[in-house]
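S.K.: Structure, please.
(one chain, ligands or ions: 2)
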Amino acid sequence: MSPLLQKIHTGILDTLFPLRCLGCGAPGHNLCSACLAAFPRRLKQRCPTCLKATTPRGETCFACTGIRSLDGLFAASLYRSPLVAETLHTYKYRFIPAFAEPLGTWLADRIIECDLPLPDIFIPVPLHPRRLRFRGFNQSALLAKALSDTLTPGLPIPVLAQSLLRTRYTKPQMKTESREERLGNLMNAFALAQNSEASIRGRSIWLIDDIATTGTTLEECARVLKNAGAKSVFGITLAR
Ligand SMILES: [Zn+2]
Ligand SMILES: [Zn+2]
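M.R.: Numbering: from 1, shown residues only. Ligands and ions are numbered 1, 2, ... in the order given. Predicted coordinates for the structure are as follows:
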């Protein structure tokens with residue numbers, strides 16, 4: 001959707017459905033500060049591959065290091081919380097990009113708390129162009145931008161939203177039924193954009209996504225980035 005159409009669309013929605021907090025119904029916000037402060041935090045991180053408990057930063061466990069491309073996954077919240085699930089669902093499937101800002105700010109606070117070393121660049125998990133046209137925005141790219149704006153104010157970490165491409169239109173990972181299907185679904189689904197290697201080689205990267213379920217999407221993206229010479233690739237998601 002063009003920015004103008006988006007504004008008209010948002011204006012119409014605001015008139016028909018005045019803003020109400022998803023959590024408590026308070027007027028004027030999508031998510032009021034009290035509900036955002038009460039957003040559940042994930043207290044234990046798990047290895048992105050084998051799901052064993054790992055460090056508070058979510059580093060890939062010792063046994064999986066070396067066989068996987070993803071160096072870790074920090075998921076700030078819990079998808080099983082109804083407020084989190086409803087917020088992410090509304091953000092993504094009811095097309096409300098305004099959620100990116102409060103969620104990005106909340107995520108930045110969690111990252112500061114756990115003292116994750118900051119990367120050189122952020123790369124949002126890309127959408128297939130067809131899905132991007134339909135939704136009008138990439139929820140991961142907006143989240144990456146909001147995170148970049150609030151994490152290091154005045155000196156934002158660059159967001160490279162064009163260097164990784166989704167080249168195959170795949171079914172959502174949440175709708176796959178087995179590990180084999182998930183892996184097959186994403187096989188060769190991502191590729192590096194032309195002339196992007198120089199911006200990837202030797203860099204430490206955070207891959208940003210809204211939700212991780214099995215970690216397969218992030219792993220596939222990480223594999224492409226490591227093949228292009230990335231120094232490290234860490235997944236950062238709002239929830240898992
Ligand atoms: Zn509220
Ligand atoms: Zn592991």
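
S.K.: Helix or strand: which one has the most centrally placed residue in the chain?
M.R.: Geometric centre of the chain, nearest residue: Asp209, 1.3 Å, by Cα atoms, centre = their mean. Asp209 belongs to strand 204-211 when elements are defined using DSSP states H and E.

S.K.: partner strands of that strand, parallel or antiparallel?
M.R.: Strand 204-211 pairs in its sheet with strand 121-124 (parallel), strand 232-239 (parallel), by DSSP bridges.

S.K.: Among those strands, which comes closest to Arg80?
M.R.: Proximity to Arg80 (Cβ to Cβ) singles out strand 232-239 among the strands paired with strand 204-211, at 8.8 Å. All C-beta atoms are positioned from the backbone trio N, CA, C, and that covers glycine.

S.K.: Off-centre distance for the closest one?
M.R.: Relative to the centre of its chain, strand 232-239 is centred 7 Å away, using Cα atoms, centre = their mean, to the nearest Å.

S.K.: Next: stretch 116-135.
M.R.: What separates the centre of stretch 116-135 from the centre of its chain is 7 Å, taken as Cα atoms, centre = their mean.

S.K.: export it as CSV, just CAs?
M.R.: C-alpha atoms of stretch 116-135 as CSV (Å, rounded to 0.1, in the frame of the first residue of the first chain):
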residue,chain,number,x,y,z
LEU,A,116,23.8,-8.9,24.2
PRO,A,117,26.8,-7.6,22.3
LEU,A,118,25.5,-5.3,19.5
PRO,A,119,26.0,-6.4,15.9
ASP,A,120,27.3,-4.4,12.8
ILE,A,121,24.0,-4.7,11.0
PHE,A,122,20.3,-5.8,11.3
ILE,A,123,18.7,-7.9,8.6
PRO,A,124,14.9,-8.5,8.8
VAL,A,125,13.6,-11.9,7.7
PRO,A,126,12.3,-11.1,4.2
LEU,A,127,8.8,-11.7,2.9
HIS,A,128,8.1,-13.0,-0.6
PRO,A,129,7.3,-10.0,-2.8
ARG,A,130,3.8,-11.4,-3.3
ARG,A,131,3.1,-11.5,0.4
LEU,A,132,4.7,-8.1,0.9
ARG,A,133,2.3,-6.6,-1.7
PHE,A,134,-0.7,-8.2,0.0
ARG,A,135,0.3,-7.1,3.5
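
S.K.: Go through it and flag the buried ones.
M.R.: Under the neighbour-count criterion of 16 or more other Cβ atoms under 10 Å, stretch 116-135 has Leu116, Pro119, Asp120, Ile121, Phe122, Ile123, Pro124, Val125, Pro126, Leu127 buried.
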